[in-house]
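**Q** Generate a structure from the sequence data that follows.
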Amino acid sequence: MNAEALIGNILPPWVAAVDTFKDHDAALFAAEKEVISKSVEKRRAEFATARMCARKAMSALGLPPQPLLPGVRGEPQWPKGLVGSITHCAGYRAAVIGARSEAITIGIDAEPDETVPNGVLDAISQPEEREAIRTLSREHPGTSWDRLLFSAKESVYKAWFPLTKRWLDFENALVTIDPLRGTFTARLLVNGPHVLGRQLTGFSGRWMAEEGLILTAIVISARADKGRHRSAGFVVAPTGSGKSSAISEGGRTTS
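**A** Model (predicted):
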């Protein structure tokens with residue numbers, strides 16, 4: 001289902017992913033046109049293209065096109081029975097959708113594979129995370145590890161917010177990146193919600209750096225068998241301890 005989407009490489013096969021590297025003159029529902037009418041041209045283009053991706057993903061799940069209006073924090077309000085996430089950055093738009101019977105929450109983020117501006121790393125990270133970034137940059141050059149940390153925290157927020165409807169600051173999740181396996185974990189430093197009968201204390205996700213982009217993704221499967229989740233390595237497992245933080249598309253906004 002995700003074979004043609006770049007981000008599909010870090011997602012389980014039972015979600016639908018659609019992406020594009022350019023904006024399209026995509027049709028919007030009347031209510032969507034209204035909420036975006038006062039935005040600048042660039043914002044209208046990315047908004048419309050991201051919704052085109054989302055509706056194509058809906059079609060892949062056998063569902064008709066439906067409007068996607070932003071919620072109180074800008075998050076897409078998915079139709080009943082669906083969960084999903086949207087991301088866009090310069091030169092890339094993507095949407096990932098799953099049936100609620102399959103996925104509890106989804107968080108994705110795309111960023112340019114470039115170092116973050118001065119001051120950003122200090123603002124989004126804990127001292128141990130900064131030390132880890134310095135080590136990764138020295139031992140595994142070629143990837144913008146500071147940007148990857150930022151992206152992972154964005155995906156954490158996008159996965160967190162639908163479950164809690166609460167804000168999560170960057171410093172409320174402690175992220176550890178595995179440079180060899182293409183995975184990351186996030187330990188929550190605030191109290192998380194209960195998921196599958198257990199308190200969520202952290203997330204696990206996957207990442208990739210390709211075509212000048214850094215992509216991160218978190219998916220929590222809705223199906224558990226004696227504590228084991230399908231598609232291990234693609235999911236956010238309620239293990240560990242801690243608290244969490246929230247981020248969203250385009251710098252803590254998810255639509």
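**Q** Show me where the stretch 151-255 of the chain dips below the pLDDT cut-off.
**A** For the stretch 151-255 of the chain, the stretches flagged by pLDDT under 70 are 224-255.
**Q** For beta bridges, what are the partners of the residue positioned nearest the centre of the chain?
**A** Residue closest to the mean C-alpha point of the chain, counted by C-alpha atoms, centre = their mean, is I108 at 1.8 Å. Residues in a beta bridge with I108, per DSSP bridges, are A217.
**Q** ok, it - contacts?
**A** Neighbouring residues of I108 by C-beta atoms under 8 Å, 6 or more residues apart in numbering: I7, S85, I86, T87, A94, V96, S155, K158, L215, T216, A217, I218. Yep, even glycine has a C-beta here, placed from its N, CA and C like the rest.
**Q** Going by distance to R44, which of the residues you listed wins?
**A** Among the contacts of I108, I86 lies closest to R44 (C-beta to C-beta), at 14.8 Å.
**Q** re the thing from before, sort out for me which of the contacts of I108 are in strands.
**A** Members of the contacts of I108 lying in strands (criterion: DSSP state E): S85, I86, T87, A94, V96, L215, T216, A217, I218.
**Q** With neighbour count and distance to P112 added, can I get these in JSON lines?
**A** JSON lines is the format used below for the ones in strands among the contacts of I108 (neighbours: other C-beta atoms under 10 Å; distance: C-beta to C-beta, whole Å):
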{"residue": "S85", "neighbour count": "33", "distance to P112": "19"}
{"residue": "I86", "neighbour count": "33", "distance to P112": "17"}
{"residue": "T87", "neighbour count": "30", "distance to P112": "12"}
{"residue": "A94", "neighbour count": "30", "distance to P112": "14"}
{"residue": "V96", "neighbour count": "28", "distance to P112": "19"}
{"residue": "L215", "neighbour count": "29", "distance to P112": "11"}
{"residue": "T216", "neighbour count": "30", "distance to P112": "13"}
{"residue": "A217", "neighbour count": "33", "distance to P112": "17"}
{"residue": "I218", "neighbour count": "28", "distance to P112": "20"}
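**Q** Let me know the closest of these to E129.
**A** T216 (14.7 Å).
**Q** Next one: that closest one from R43, what distance?
**A** The gap separating T216 from R43 is 23 Å, by C-beta to C-beta, to the nearest Å.
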